[in-house]
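>>> Have a look at this fold, sequence not included:
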């Protein structure tokens, strides 16, 4: 009879600490819960920052938003977390637009462009354009990478 309370408490604890589900294939990401700051992709072995900074940045400063040991992803790397079909998630960013990313694995992802480290154009030894991925459309964009260029969001990887 003493085992029944123990089993009930153990079951409740396991249910409370259980992993958050992802919309991606069940084996794509290592187990995670809502408190994890990073998530590891089992297919690529890349470890991603789950929640990006809330403010966009110009390309010149985008890399500085990544913490020690992490960096801007290449275009190829960032495309590995783009979903083929959009999802509609509740967001703390004020709206519920469709996003081409797993909102459980990557909460609060803006439906806007995210920088990559992949340069698309150089002029006179200066980076003038870089690729970005728009999680609102799933498209690859080429954006002005000069100091006067547009701002985009940053998702870091290691």
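Here it is on my side, so go on. In this text the structure is predicted, and so the values were computed from the model without any measurement.

>>> Give the next helix or strand downstream of the longest strand along the chain.
The strand spanning the most residues in the chain, taking DSSP state E as the definition, is strand 113-123. Using DSSP states H and E, the helix or strand that follows strand 113-123 in sequence is strand 126-134.

>>> what pairs with that next one, and is each one parallel or antiparallel?
Next to strand 126-134 in the sheet, as set by DSSP bridges, lie strand 113-123 (antiparallel), strand 140-144 (antiparallel).

>>> Going by neighbour count, list what's buried in the longest strand of the chain.
Residues of strand 113-123 classed as buried by neighbour count (16 or more other CB atoms under 10 Å): 113, 114, 115, 116, 117, 118, 120. Heads up, the C-betas are built off the backbone N, CA and C, glycines and all.

>>> Quick check: residue 117 vs residue 42, distance?
As judged by CB to CB, to the nearest Å, residue 117 and residue 42 stand 23 Å apart.

>>> hmm, I was thinking of residue 62
Taking CB to CB, one finds residue 62 at 27 Å from residue 42.
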